[in-house]
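1. Show me the folded form of this:
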Amino acid sequence: MSISSSIKSIQDIMRKDVGVDGDAQRIGQLVWLLFLKIFDDREMEWELLKDDYQSPLPEQYRWRNWAANPEGMTGDELKSFIDNELFPGLQNLDADASKPAAYVVRSVFEDAYNYMKSGQLIRQVINKIQDSVDFNKAQERHAFGDMYEQLLRDLQNAGNAGEFYTPRPVTEFMVRMVDPKLKEKVMDPACGTGGFLTCTIEHKRQRYVKTPADEKALQASIFGVEKKPLPHLLATTNMILHGIEVPNQIRHDNTLARPLISWGPKDRVDCIVANPPFGGMEEDGIETNFPTAFRTRETADLFLVLIMHLLKDGGRAAVVLPDGFLFGEGIKSRIKEKLLTECDLHTVVRLPNGVFNPYTGIKTNLLFFTKGRPTRDVWFYEHQYPAGVKNYSKTRPMRVEEFKLEEAWWGSEADGFARREANEFAWKVSLDEIKARNWNLDCKNPHVGKQVSHDPTELLAAFAKKQDSIAQLREQLKAALADALERDA
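-> Predicted coordinates:
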């Protein structure tokens, strides 16, 4: 049976349990079990490669000692062990700087839960995992990576966690264009399940890792923060799946909860790739961590201010932001002024509708910028649907190959993108023009006909004009009706 089929059968078993309510809980339950199985498989590998390897887990909590035997604990005994021994033991592991692996496991289980009530059904699930997943087989490791991507899509479809998953074609394109070098520190301050970071790992391995020393440099260069428990657990598991031995640089925290001024020079990074949650509001008081001019509770706006602050001079970023940021006013205008005067916003890729379906239909944009020099011109590129496609869907998602046009046009930052040329999809707008527009970045493609505007001022003006037309027509109808009634009288 394939891994994906096994995962489906595991979820079918969980549906029989009265304690598990909905897809999000089923995925949460499955992932902490998978984490322990994957961690145990990796420990077997480390024990072979490292003579002095010592597990951070007490013997009784290692998967091999409580779960691997299909005739082992079951029923009330298993349920009691998990609830009263395993979880408290892992949540209270002795962890310090000398035991980073213990810190990782403890942070993973701090907010994990055993939702299942039936010890017999738990045993069935464990046996399925034991039979289906052998992370030390290269072929199964690759298949499990594909299955993991499916788990993330399932989580998105659960309806309350869509922000955790950015389509892989988008993450790969953003990472390729930023091109993080081997020793450059890469961060995602709202890393969700770790999609941007795993793409970065793959990018560096394919291009820059040639020796064990290179791999060690890669391992030390990946940083992420995620505030919600389930995506943090998924991100940590994802890092282990992608060969990060001790992913203790994936922290469970809210990056915005720390005062901006407290992020000092040692915290600066070379590259940031991120899709900060948009459309949401932070809890009261978070905005006071930011300068008065940028205080807002809108999550995406705060993250952009933070990202600009965290970059080193010369640091590069690629960020997903909604259309509302481009044309927004007030605090958004002040943030855009800061962005264009302190950074070189050299490229905005305008994505079409449906990229993030079914989570949101909001149109989004990819902003690419480099810190340390002001913007002179902003290039816009309007991403096109493939031939015959009018919208993306579950059965017709975005594909990696679609970005070949952008990549062929992109050019080199080293020469200031001097070889770029305007075409039917690409155009350039000067900083002076954007400044005259009160920092409005919702710049329309000049090579096409009339487009639908998303600018609220223009929309309100059009609405008012239509209301006037309706009012005039109403008065004409009233006059005609009155005239007709007079003639009948």
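2. Measure how far stretch 322-334 is from the centre of its chain, please.
-> Its chain's C-alpha centre and that of stretch 322-334 lie 21 Å apart, by CA atoms, centre = their mean, to the nearest Å.
3. End to end on it, go ahead and measure it.
-> With CA to CA, to the nearest Å as the measure, the first residue of stretch 322-334 is 17 Å from its last.
4. And stretch 385-402, by the same measure?
-> From its first residue to its last, stretch 385-402 covers 8 Å (CA to CA).
5. Then stretch 110-120?
-> Distance across stretch 110-120, first residue to last, is 25 Å (CA to CA).
6. Could you pick out the longest helix of this structure?
-> In the chain, ranked by residue count with DSSP state H as the criterion, the top helix is helix 456-488.
7. Could you pull up the mean pLDDT of that one?
-> When pLDDT is averaged along helix 456-488, the result is 73.
8. ditto for stretch 304-322
-> Here the mean pLDDT over stretch 304-322 is 96, rounded to a whole number.
9. So which bits of that stretch are buried?
-> Buried residues in stretch 304-322, counting neighbours by 16 or more other CB atoms under 10 Å, are found at 304-312, 315-322. Heads up, the C-betas are built off the backbone N, CA and C, glycines and all.
10. Among these, name the ones in helices.
-> Assigned to helices by DSSP H, the following of the buried residues of stretch 304-322 qualify: 304-310.
11. quick check, nearest of those residues to Leu49?
-> Within the set of these, Leu310 lies nearest Leu49; the separation is 34.8 Å, counting by CB to CB.
12. still on that earlier bit, show me how far the longest helix of the chain is from its chain's centre.
-> 49 Å.
13. What residues of that helix count as buried?
-> Within helix 456-488, no residue counts as buried by 16+ other CB under 10 Å.
14. what do you get for stretch 368-385?
-> Along stretch 368-385, these residues count as buried under the neighbour rule (16+ other CB under 10 Å): 368-371, 375, 377-383.
15. which two in those residues are spaced the farthest apart?
-> Across these, the longest distance by CB to CB is 25.7 Å; it joins Lys371 and Glu382.
16. contacts for the helix or strand containing Glu77?
-> Glu77 is part of helix 75-81 when elements are defined by DSSP states H and E. When contacts are defined by CB atoms under 8 Å, 6 or more residues apart in numbering, helix 75-81 is touched by residues 66, 72-73, 116-120, 122-123.
17. Just the closest of these to Leu86, please.
-> Proximity of these to Leu86 was ranked by CB to CB; the top entry is Trp66 with 7.1 Å.
18. per-residue pLDDT, that closest one?
-> Trp66 carries a pLDDT score of 96 in this model.
19. Same check on Phe135?
-> With respect to pLDDT, Phe135 scores 69.
20. cool, and Pro397?
-> Residue-level pLDDT assigned to Pro397 equals 82.
21. Can you tell me how far it is from Phe356?
-> According to CB to CB, to the nearest Å, Pro397 and Phe356 sit 11 Å apart.
22. do the same with His447
-> 26 Å.
23. Next: Leu151.
-> Spatial separation of Leu151 from Phe356 under the definition CB to CB is 18 Å.
24. who's more crowded, these two?
-> Each of Leu151 and Phe356 has its neighbours counted (other CB atoms under 10 Å); Phe356 has more, 25 against 22.
25. Mind putting the ones in helices among the buried residues of stretch 304-322 into JSON lines with distance to Lys227?
-> Below are those laid out as JSON lines (distance: CB to CB, whole Å):
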{"residue": "Leu304", "distance to Lys227": "17"}
{"residue": "Val305", "distance to Lys227": "17"}
{"residue": "Leu306", "distance to Lys227": "13"}
{"residue": "Ile307", "distance to Lys227": "16"}
{"residue": "Met308", "distance to Lys227": "20"}
{"residue": "His309", "distance to Lys227": "18"}
{"residue": "Leu310", "distance to Lys227": "16"}
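26. out of those residues, which one sits closest to Val20?
-> Proximity to Val20 was ranked across these by CB to CB; first place goes to Leu306, at 36.2 Å.
27. So that closest one sits against Asn254, correct?
-> No: taking contacts as CB atoms under 8 Å, Leu306 lies outside contact range of Asn254: 11.0 Å.
28. what ranges of the stretch 51-200 of the chain fall below the confidence cut-off?
-> Filtered on pLDDT under 70, the stretch 51-200 of the chain yields the residue ranges 96-98, 135-150, 152-164.
29. Now do the helices in it.
-> 63-66, 75-81, 87-91, 100-109, 119-132, 138-157, 168-178, 195-207 (DSSP state H, counting those that start in this stretch).
30. could you check the distance from Met44 over to Lys37?
-> Between Met44 and Lys37 the computed distance is 11 Å (CB to CB).
31. Sorry, wrong one. I was asking about Asp52.
-> When CB to CB is applied, the distance between Asp52 and Lys37 equals 24 Å.
32. Next: Thr347.
-> 42 Å.
33. Ok, Ala484 next?
-> 82 Å.
34. before we move on, what about Leu48?
-> 18 Å.
35. neighbour-wise, which of those two wins?
-> Between Leu48 and Lys37, counted using other CB under 10 Å, Lys37 has the larger neighbour count: 21 against 10.
36. Now do the contacts for the nearest residue to Ile307 once chain neighbours are set aside.
-> If the residues on either side of it in the chain are set aside, Ile307 comes closest to Ile272, at 5.2 Å by CB to CB, 6 or more residues apart in numbering. If you count contacts by CB under 8 Å, 6+ apart, Ile272 has them with 186-189, 307, 310-311, 315-319.
37. and the helix or strand harbouring Thr237, what does it pack onto?
-> Element membership of Thr237 [criterion: DSSP H and E] is helix 229-241. Using 3 or more CB pairs under 8 Å, 6 or more residues apart in numbering; DSSP states H and E, the elements in contact with helix 229-241 are helix 23-49, helix 100-109, helix 138-157, helix 195-207, strand 222-226, strand 250-252.
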